[in-house]
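Student: Mind looking at a prediction? Sequence and model below.
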Amino acid sequence: MVKWVLKHNHDYKQAAQKFDITYSRAYAWTQKYEQANDFGRIRKTVFSFL
């Protein structure tokens, strides 16, 4: 679901309808995914200097 949202320009309303979930759930899951992904990139960058 999250990858679909990202591919479709963060269209949470459409995602909610397509996957039969609430708008807020689609938004929350996408935000958590993006935050975790950003953290992973930061971690890789930091450890590459060690």
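Tutor: Great, that's in hand. Numbering: from 1, shown residues only.

Student: Next up, phi/psi of Q35, please.
Tutor: phi -70, psi -40 (degrees, to the nearest 10).

Student: Okay, it and A28: tell me how far apart.
Tutor: For Q35, the distance to A28 under the criterion CB to CB, to the nearest Å works out to 11 Å. Yep, even glycine has a C-beta here, placed from its N, CA and C like the rest.

Student: And I21, by the same measure?
Tutor: I21 sits 10 Å away from A28, taking CB to CB as the criterion.

Student: what does Q14 give?
Tutor: Counting by CB to CB, the gap between Q14 and A28 amounts to 16 Å.

Student: cool, and N9?
Tutor: Between N9 and A28 the distance is 18 Å, computed by CB to CB.

Student: Nearest the geometric middle of the protein, what residue?
Tutor: By CA atoms, centre = their mean, the mean C-alpha position of the chain lies nearest to T30, the distance being 2.9 Å.

Student: Break down the chain into its strands, ranges please.
Tutor: Counting by DSSP state E, no segments of the chain form strands.

Student: Cheers, nothing more for now.
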